[in-house]
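Asks: this is a predicted model, with the sequence first.
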Amino acid sequence: MQIAPEVALAFRSMARHRLRTFLMMAGVIVGIASLTVLNSIGEATKAATMKRFKNMVGTFDTILIRPGAGRTRGMVSLTNVPATLKFDDVEAILSSVPDVKQIAELQNAFDMDVKYRDRAISTAVFGISPNWLELRGDEVSQGSIFSVEEEKALARVAILGADAEAHLFPSESSIGKTIRIGEVPFQVEGVLKARGAGPGGGSLDDLILIPVSTASKRLFNRDFLTMLIVQLRDPNRSDAAVQGLTSLLRERHHLPPSALDDFTVSNPRAVMAQVTKMGSTLSKTLEGVAVLAMLIGGVVIMALMLIGVSERRREIGIRRCVGASRVDILLQFLLEALTISCAGGIVGVIVALAGTSIAARLQNLPVVLVWGVVGVSAALSLALGVLFGIYPAWKAAHIDPIAALRA
Amino acid sequence: MIDISHVCKSYSRGEECFVHALQGISFHVAASEFLAIRGPSGSGKSTLLNILGCLDVPTSGTYRLAGEDVSHCTDRELSRVRARRIGFIFQSFNLLPGTTARENVELPMIYGAGRVDRNKALSLLGRVGLKDRASHFANELSGGQQQRVAIARALVNDPPLILADEPTGNLDSTASQEVMAILKQLQEEGRTIILVTHDDAVAAYAAREIALRDGVISTDVRRPANLPNVERAAREMNHADRA
């Protein structure tokens, strides 16, 4: 037997049974397309989650220190943390923990009344050291960030979050204007770039930043901090740094060995690992769904082929009588299944390409078509043809020719 | 041509339940003999036809076809024997649906020669009087025409043995006579014809008749063939061919 006439035969028989061929192909198309699309959506979601997470915590080579044992519920503020973390602690860490490169300080409060002329809002006020924005990865869209000198001089300057600015200055520029936080006047020096929604769904842009020294001495009259961001010289040494920080702070706070820490050190890299794991759980789930869809496609192929085999008993009998061996018949049916599943695979990938870009547009996700997945799809559609084609083909090869022809 | 010696065939139907379809059959068929096989259903006719046609091998005993022992051949070897040495003709014609007369005749060449010789297919269609029907589809032909296409198909690999299973069962008497006349011609050319039939008039073309009953040969008779209409039918065929 030669392969060329067999391929021709396979095509002729597919052309003769157009509806069946189309349905079989549809099974593969759905399977391959859903595998590719779901995988790509999984990857895109993972990438988007990472980006959003990075947006929330800032850079990854940092450690967060908060006052109080255990986790503070919600975002820290002056009203919900104990007064354990002092400005002196920052100086001490900088001078005696060598892994630490720099520390940004935060002293914040929510629901502060802020006024500009006749407009009033209630917003969060963050007293920060000037390096806070750098460590958070934030930038100003207008104006500038206050300087170290201004911070030392207890300057009454402010940087507005995008939402705060929009509410206070709906129709004019805010730069250089004087706002009142409580009863204290501040001059607006800059506006932050919008950051969007935070983890709880609230806006990350509804806030006002002022120098931490000004906040402590002129606004809040508190001598403790609500959070520190510690940047390390070498992110890979975060475990050692966490240990150094912890023992130093315990010593400074005079904690006996039996006492719990009165502060919490958290490592965003560990949290990041958690998020990454969540992301891959999601894509694994999607993968499972897609494999299920492929299996259904395969079962469709098998069912339709079995019907085809029983409808074509006579043809099989004729071929056997005129000299086709069982292997010839097996190959013929397998070739048909392969041709159909490969064609379905190709169309499926095309559908997936379209589907991915549509899904990406609707979900506002970056288009991530994973070419590896496309390769896997191609291989899987071949495997699908062989796997679900082999049994019907075997059945075809074992039909009793004389019985088939006498029926 | 054919040497069947002590051939038995049993099928298992579930555990410890065997059907003994053939129970020790022996006969010899010389080249260019015209043999009819008869017998009621369940007598082992189909099983014997399967073995003669190299679609199955005997459980025991030997089958020699043209000097070659095919009793223990693999499926692939049997397929080669079928393609080159045996032409099949069936009661229900069994042309492939959706293909033309010519393509049906070409089909065995795919498996036999591995190379399709279109001219040979056309000349065989001419021989059975269907030159002008070469590009007709099977369902556009009458029963007699379909059976003649089937005969052309059986001849395309030039086999020495023709197995005809009730070839006239679905034909009217005129078409039956045409088909039998062609078979007779083939026998006169030196081919061996084995015919399975219920019909006395058709069996009468054969010079020898084997009757099967319960898996054994009950009678094996030779007689001068009684061919009332052969000469006339052959003349008509040749006439149609020339026209």
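Replies: Yep, it's here. Numbers count the residues shown, from 1 in each chain, chains lettered A, B, ... in the order given.

Asks: would you mind listing what in the stretch 301-407 of chain A touches chain B?
Replies: Selection of the stretch 301-407 of chain A residues close to chain B by CB under 8 Å from any CB of the partner chain yields A:314-315, A:317-328, A:400-403, A:405-406. For the C-beta atoms, the positions are set from N, CA and C on the backbone; glycine is no exception.

Asks: of the residues you listed, grab the buried ones for ChimeraX.
Replies: The ChimeraX command for the buried members of those (criterion: 16 or more other CB atoms under 10 Å in any protein chain shown) is given here:
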select /A:314,315,317,318,319,320,321,322,323,324,325,326,328,400,401,402,405,406
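
Asks: dump the residue contacts of residue B:141.
Replies: Residue B:141 makes contact with B:101, B:130, B:133, B:149, according to CB atoms under 8 Å, 6 or more residues apart in numbering or on different chains.

Asks: mind doing that once more with 10 Å?
Replies: Shown in contact with residue B:141 (CB atoms under 10 Å, 6 or more residues apart in numbering or on different chains): B:93, B:95, B:100, B:101, B:130, B:133, B:147, B:148, B:149.

Asks: now the two most distant members of these.
Replies: Farthest-apart pair in the contacts of residue B:141 is B:100 and B:147; separation 16.2 Å (CB to CB).

Asks: those two: who's more crowded?
Replies: Per other CB atoms under 10 Å in any protein chain shown, whichever of residue B:100 and residue B:147 has more neighbours is residue B:147, with 30 against 19.

Asks: show me what the helix or strand the more buried one falls within is packed up against.
Replies: Assigned by DSSP states H and E, residue B:147 belongs to helix B:143-155. Counting contacts by 3 or more CB pairs under 10 Å, 6 or more residues apart in numbering or on different chains; DSSP states H and E, helix B:143-155 packs against helix A:313-321, strand B:86-90, helix B:101-111, helix B:118-127, strand B:161-165, helix B:173-188.

Asks: C-alpha coordinates for it, CSV please?
Replies: Provided in CSV are the C-alpha atoms of helix B:143-155 (Å, rounded to 0.1, in the frame of the first residue of the first chain):
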residue,chain,number,x,y,z
GLY,B,143,-28.5,-3.5,-11.1
GLY,B,144,-27.2,-5.4,-14.1
GLN,B,145,-24.8,-2.5,-15.0
GLN,B,146,-23.6,-2.3,-11.4
GLN,B,147,-22.9,-6.0,-11.3
ARG,B,148,-20.9,-5.7,-14.6
VAL,B,149,-18.9,-2.9,-13.0
ALA,B,150,-18.3,-5.2,-10.1
ILE,B,151,-17.1,-7.9,-12.5
ALA,B,152,-14.7,-5.4,-14.1
ARG,B,153,-13.5,-4.6,-10.6
ALA,B,154,-12.9,-8.2,-9.8
LEU,B,155,-10.8,-8.6,-13.0
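
Asks: what angle sits between that helix and helix B:118-127?
Replies: 140 degrees (axes from the mean of the first three to the mean of the last three CA atoms, to 10 degrees).

Asks: and the angle for helix B:143-155 with helix B:173-188?
Replies: 20 degrees.

Asks: would you indicate which residues of helix B:143-155 are buried?
Replies: Neighbour-count burial for helix B:143-155 [16+ other CB under 10 Å]: B:143-155.

Asks: same question, stretch A:275-287
Replies: Along stretch A:275-287, these residues count as buried under the neighbour rule (16+ other CB under 10 Å): A:275, A:279, A:282, A:283, A:286, A:287.

Asks: just how off-centre is the host helix or strand of the first one within its chain?
Replies: Read that as residue A:275. Assignment of secondary structure by DSSP H and E places residue A:275 within helix A:268-311. Taking CA atoms, centre = their mean, to the nearest Å, one finds helix A:268-311 lying 20 Å from the centre of the chain it belongs to.

Asks: stretch B:5-12 now?
Replies: On CA atoms, centre = their mean, the centre of stretch B:5-12 falls 21 Å from that of its chain.

Asks: mean confidence for it?
Replies: The pLDDT scores in stretch B:5-12 average 90.

Asks: burial count for residue 189?
Replies: In the absence of a named chain, chain A is used. 23.

Asks: actually it's chain B I care about, not the one you picked
Replies: 9.

Asks: can you read off the backbone torsions of the closest residue to it other than its chain neighbours?
Replies: In space, residue B:189 comes closest to residue B:32 once its chain neighbours are excluded; the distance is 7.9 Å by CB to CB, 6 or more residues apart in numbering or on different chains. Main-chain dihedrals, residue B:32, degrees, to the nearest 10: phi 60, psi 30.

Asks: now do the one 4 residues further on
Replies: Dihedral angles of residue B:36 (phi, psi; degrees, to the nearest 10) stand at phi -110, psi 140.

Asks: that older thread, can you list the buried residues of helix B:143-155 in JSON lines and add pLDDT?
Replies: Formatted as JSON lines, the buried residues of helix B:143-155 follow (pLDDT from 0 to 100):
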{"residue": "B:143", "pLDDT": "91"}
{"residue": "B:144", "pLDDT": "92"}
{"residue": "B:145", "pLDDT": "93"}
{"residue": "B:146", "pLDDT": "94"}
{"residue": "B:147", "pLDDT": "94"}
{"residue": "B:148", "pLDDT": "94"}
{"residue": "B:149", "pLDDT": "95"}
{"residue": "B:150", "pLDDT": "94"}
{"residue": "B:151", "pLDDT": "94"}
{"residue": "B:152", "pLDDT": "95"}
{"residue": "B:153", "pLDDT": "95"}
{"residue": "B:154", "pLDDT": "94"}
{"residue": "B:155", "pLDDT": "93"}
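
Asks: going by distance to chain A, which of those wins?
Replies: Relative to chain A, the closest of the buried residues of helix B:143-155 is residue B:153; by CB to the nearest CB it sits at 7.0 Å.

Asks: quick one: low-confidence parts of the stretch 51-200 of chain A?
Replies: A:54-60, A:70-73, A:198-200 (pLDDT under 70).

Asks: now the strands for it?
Replies: A:62-67, A:100-116, A:119-128, A:140-143, A:157-160, A:178-181, A:184-192 (DSSP state E, counting those that start in this stretch).

Asks: quick check: which of those strands is buried the most?
Replies: strand A:157-160 (a mean of 27; mean count of other CB atoms under 10 Å in any protein chain shown).

Asks: now for it, which elements pack on it?
Replies: strand A:100-116, strand A:119-128, strand A:140-143, helix A:162-168, strand A:178-181, strand A:184-192, strand A:207-211.

Asks: fine, thanks again, bye for now.
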